[in-house]
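> coords please:
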Amino acid sequence: MGDRQLLKGMLMFAKPYRKLLLFSLLLTGFIVIASLAQPFIIKVAIDSYIKMNDYQGMMYLGIIYFLLIMVSSICTYFQNNTLQFTGQYVIYDFRQAIFKHLSLMQMDFFRKNPIGRLVTRITHDVESLNQLYSQVIVNLVKEVLILIGIITLMLYMSVKLTLICFLVIPVIAVVTFYFKRVLRDTQRKLRTLLSSLLSYLAENLSGMSVIQLFARERKQLERFNELNEEHYRAGMRQTVINSIFNPSIGLFGNISLALLVWYGGRSVVDESITFGTVYAFTHYVRQFFEPLRGLADRFNQIQAALASAERIFETLETKPTIVNPVHPKELPEKVKGNIVFQHVWFAYKNEEWVLKDVHFRINQGETVGVVGATGAGKSSIIQLINRFYDNQKGIISLDGINIKDVHLNDLRRHIGIIQQDAFVFSETVFDNIRLNHNQVSNEEIIKAAKAVNIDSFFRMLPQGYNTMLGEEGTVLSAGQKQLLSFLRAMIADNDVLILDEATANIDTETEQAVQDALREMSKNRTTIIIAHRLSTIQHADKIIVLDKGRIVEMGNHQQLLNNQSVYYQLCQNLSKGKTLKVKL
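The predicted structure is shown next:
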């Protein structure tokens with residue numbers, strides 16, 4: 001995106017708070033007038049009152065000078081507060097917009113973008129914009145107005161002396177143009193490296209148990225040191241650029257002041273210019289280069305903000321590929337659960353097909369098992385039914401309605417999943433089980449847990465069901481997380497139930513109680529089971545056997561054994577203990 005587009009986008013976020021910004025700009029006008037008037041008042045005092053020994057005139061000028069200082073201080077106070085409030089409002093809106101946008105993105109987006117990178121967008125990148133709204137915009141206007149005012153007053157007092165003082169301006173323009181290009185590239189690289197660093201850090205902290213288990217601490221530290229070193233070098237490059245650019249502006253200011261002393265002093269001696277004018281010029285030259293130094297800092301902040309804005313708007317302009325239809329068809333309050341895959345083809349990337357011409361029908365109330373070797377496409381079928389991904393060819397329908405014609409929320413409220421690796425939020429047990437079903441009471445949750453003899457597991461926690469589970473449920477074992485996922489499905493009471501290795505981490509005694517409850521839940525409910533253990537699918541009405549993305553067999557347990565084909569071989573492998581090669 002170009003700078004103009006980025007600035008336009010950022011100003012759009014500030015539009016709701018334009019009254020606050022306009023108020024700040026109004027205060028800026030008073031601050032600029034007060035700042036510019038002070039040296040001119042001293043000039044008048046020197047040239048008109050001190051020479052004439054006019055004490056009364058000096059007193060009036062002193063009062064005016066004092067009032068200008070007071071007005072400037074009061075306006076600066078209110079301006080700073082207004083700008084800080086405005087900056088916080090805008091940053092709040094940015095974070096809300098990014099999080100809302102991310103919540104609408106498809107699973108493929110999160111597969112391609114590391115979590116650390118997305119966290120950087122909401123934290124560091126957004127914070128970089130804070131300075132733009134709370135300081136840069138209005139202060140930039142103030143500094144430009146001060147420069148215009150100084151030039152006007154200096155030309156009014158002496159055109160020749162003004163031109164002498166501004167001999168260095170063309171050189172400053174060339175230097176600024178050069179540093180603009182270098183600084184922008186440096187800011188962009190610095191943000192990219194910070195994103196990579198945070199992504200790597202998040203990945204390693206999440207997988208610390210695996211790192212320690214395989215003694216990879218040194219290897220991971222070496223890679224972290226490489227990323228950290230790259231970020232350090234980019235940061236130092238930015239520091240070096242700033243350390244050259246900012247002092248160079250000060251140097252040119254001092255050169256301009258030296259020219260003023262030389263030419264102005266000579267002009268005072270030959271009485272072509274008054275001493276008061278030279279005195280005012282010295283103040284105005286300092287004031288002129290002070291905003292230029294400020295502009296250098298503002299310029300640095302603008303480049304940082306533009307680099308961050310570029311990344312933020314790149315994220316916001318990435319459109320979700322899984323979208324709701326313009327005119328969605330409504331599903332009934334209760335669906336029958338007839339699921340049909342009609343010649344479905346699906347690939348996560350280009351035409352690297354994971355599912356190839358998959359065609360099957362699941363009737364209302366049927367229990368269907370899906371088996372196959374690892375990578376056969378079992379999990380992809382679950383992803384497609386929930387529309388976490390969309391198939392490229394073919395049609396998937398629920399009760400005769402193409403699922404792409406149904407609102408996502410409407411579709412997903414009818415489908416419940418019990419996962420092997422359940423995600424747990426850093427909330428209480430009650431909140432994690434209830435999720436979006438706010439009408440379910442705590443008593444109903446406890447009753448459901450007691451029904452399958454798993455109430456005691458949660459009672460053993462420090463505060464029972466009110467225990468805060470921490471990030472990703474750190475206080476729970478893998479088995480407890482799976483029980484929690486099981487209770488979620490019980491409470492939701494969905495019309496279609498999908499079991500993704502639902503009892504893998506549960507002990508044998510508890511598994512029996514859970515299996516009994518699952519069989520009860522599966523009655524008159526369409527159920528799809530993916531499991532390692534053949535015992536969980538032997539009772540299924542139908543078993544679908546996948547191999548390299550295609551359906552190679554379909555039938556019940558006994559029929560498939562009699563065929564003595566792929567399913568029979570899977571059973572043989574399991575009976576020999578070769579479970580690592582197969583996911584059922």
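
> give me the domain ranges for this protein.
As given by automatic domain parsing, the domain ranges for the chain are 3-316, 339-583.

> with distance to Asn324 as extra columns, can I get those domains in JSON lines?
Every residue, glycine included, has its C-beta placed from N, CA and C. As requested, the domains of the chain are exported to JSON lines (distance: least, Cβ to Cβ, whole Å):
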{"stretch": "domain 3-316", "distance to Asn324": "10"}
{"stretch": "domain 339-583", "distance to Asn324": "5"}
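
> mean pLDDT added to the ones you listed, as CSV?
Below are the domains of the chain laid out as CSV (pLDDT from 0 to 100):
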stretch, mean pLDDT
domain 3-316, 83
domain 339-583, 82
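
> Ile417: what's it in contact with?
Contacts for Ile417 were tallied using Cβ atoms under 8 Å, 6 or more residues apart in numbering; they are Ile382, Asn386, Ala489, Leu497, Ile498, Leu499, Asp500.

> reformat these as JSON lines; add secondary structure, distance to Gly250 and neighbour count.
Formatted as JSON lines, the contacts of Ile417 follow (DSSP: H, G, I helix; E, B strand; the rest coil; distance: Cβ to Cβ, whole Å; neighbours: other Cβ atoms under 10 Å):
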{"residue": "Ile382", "secondary structure": "helix", "distance to Gly250": "65", "neighbour count": "18"}
{"residue": "Asn386", "secondary structure": "coil", "distance to Gly250": "62", "neighbour count": "17"}
{"residue": "Ala489", "secondary structure": "helix", "distance to Gly250": "68", "neighbour count": "20"}
{"residue": "Leu497", "secondary structure": "strand", "distance to Gly250": "72", "neighbour count": "24"}
{"residue": "Ile498", "secondary structure": "strand", "distance to Gly250": "68", "neighbour count": "22"}
{"residue": "Leu499", "secondary structure": "strand", "distance to Gly250": "71", "neighbour count": "26"}
{"residue": "Asp500", "secondary structure": "strand", "distance to Gly250": "65", "neighbour count": "20"}
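
> Asn225 - how many residues pack around it?
When neighbours are counted by other Cβ atoms under 10 Å, Asn225 registers 11.

> before we move on, which element is it in?
Using DSSP states H and E, the element containing Asn225 is helix 217-269.

> returning to what we had before: which of the contacts of Ile417 sits closest to Gly149?
Checking the contacts of Ile417 against Gly149 with Cβ to Cβ, the nearest one is Asn386 at 63.4 Å.

> got phi/psi on the closest one?
Asn386 has phi and psi values of phi -90, psi 0 when expressed as degrees, to the nearest 10.

> ok, the one 4 residues further on next?
Recorded main-chain torsions at Asp390 are phi -110, psi 140, according to degrees, to the nearest 10.

> ok, it touching Thr321?
Yes - Asp390 is within contact range of Thr321, at 6.9 Å (criterion: Cβ atoms under 8 Å).

> now the helices for the stretch 301-450 of the chain?
Residue ranges of the helices in the stretch 301-450 of the chain, as given by DSSP state H, counting those that start in this stretch, are 378-385, 408-412, 429-434, 442-451.

> packing partners of the third one?
Same thing as helix 429-434. On a contact count with 3 or more Cβ pairs under 8 Å, 6 or more residues apart in numbering; DSSP states H and E, helix 429-434 meets helix 442-451, helix 478-492.

> buried residues, stretch 432-451. List them.
Asn432, Ile433, Arg434, Val440, Ile445, Ile446, Ala448, Ala449 (16 or more other Cβ atoms under 10 Å).

> stretch 354-366 too?
Val354, Leu355, Lys356, Val358, Phe360, Ile362, Glu366.

> same deal with stretch 151-166?
Quick answer for stretch 151-166 (16+ other Cβ under 10 Å): Leu153, Met154, Met157, Ser158, Leu161, Thr162, Ile164, Cys165, Phe166.

> do the same with stretch 42-49
Buried, per 16+ other Cβ under 10 Å, within stretch 42-49: Ile42, Lys43, Val44, Ala45, Ile46, Asp47, Tyr49.

> need the contact partners of that stretch.
Residues contacting stretch 42-49 (Cβ under 8 Å, 6+ apart): 54, 57-58, 61, 65, 157, 274-277, 279-280, 283.

> isn't Thr274 up against Val268?
Yes - contact criterion Cβ under 8 Å: Thr274 and Val268 qualify, at 7.2 Å.

> nearest to Asn254 among the buried residues of stretch 151-166?
Cys165 (11.8 Å).

> gap between the one helix or strand that closest one maps to and the chain center?
According to DSSP H and E, Cys165 maps onto helix 159-165. Chain-centre distance of helix 159-165: 52 Å, with Cα atoms, centre = their mean, to the nearest Å.
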